[in-house]
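Participant: Give me coordinates for this.
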Amino acid sequence: MSNFEDIKLYLTEKNVTLVAVSKTKPTAAILALYDRGQRDFGENKVQELREKYEEMPKDIRWHLIGHLQSNKVKYIAEWVYMIHSVDSLSLLEEINKQAAKHNRIIPCLLQTYIAKEETKFGMDEAELHALLQSSTFAGLKNISINGLMGMATNTSDEEIIRAEFLHLKAIFSTLKQTYFNEASQFSMLSMGMSSDYKIAVECGSSMVRIGSLLFGERQ
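Facilitator: Presented below is the predicted three-dimensional model:
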């Protein structure tokens, strides 16, 4: 975790939020960063997120960053801070339904497919427009669309990564202008991980998700 201060300083100067990705890491490792002021933590799996939420200080802002199945939303709806991985209108409907039960509005990011990899989830630009234009979306009152999330191709070719991040930034700008011009909450562009976060920041990221640089490689 020796990188934490350097990364935090760099991101603070750029006005970028750090989400510390704590998946598979023990609570002791999370608390070590918490004690140094970190409050935003990201988890991939609902079960692990729930277990850590129960054990950890309640002022932590928990981000669900992994693929989310509709039938799991109810387990985190009462307290999750933000869901990064909304990849369909039906999932957004379920989040809205569960949020309403707890009388809250859940901030969400629309996961956008930019990588040249079949294993990645997300919507393409046409699907994003279709969702935002739908009458169903217009009726959802317990969710807030706060921006987009995307993952670049897992490659060492920085030009490919940069092109994909710039593409996501362009989609973000188009959606902002078209649907959220008056909506200040649509401001988050969650892109960049341990291997490519500096490229992401250069391309306009406002939130990065960093795990291995902070915690070491996954178990």
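
Participant: show me where this protein has strands.
Facilitator: For the chain, the strands defined by DSSP state E occupy 17-21, 40-43, 61-64, 82-86, 106-112, 143-150, 188-190, 207-210.

Participant: what does stretch 198-209 contact?
Facilitator: 10-11, 14-19, 21, 42, 63, 65, 84, 147, 152, 158, 161-162, 165-166, 168-169, 172, 187-193, 197 (Cβ atoms under 8 Å, 6 or more residues apart in numbering). The way it works is simple: take the backbone N, C-alpha and C, and place the C-beta from them, glycine included.

Participant: Nearest the geometric middle of this protein, what residue?
Facilitator: His84 (3.2 Å; Cα atoms, centre = their mean).

Participant: What's the separation between that one and Ser156?
Facilitator: 25 Å (Cβ to Cβ, to the nearest Å).

Participant: which residue packs closest to Asn15, ignoring adjacent ones?
Facilitator: Ser206 (7.3 Å; Cβ to Cβ, 6 or more residues apart in numbering).

Participant: got a pLDDT number for that neighbour?
Facilitator: Ser206 is assigned a predicted lDDT (pLDDT) of 98.

Participant: Next, count neighbours for it.
Facilitator: Here the number of neighbours of Ser206 (other Cβ atoms under 10 Å) works out to 19.
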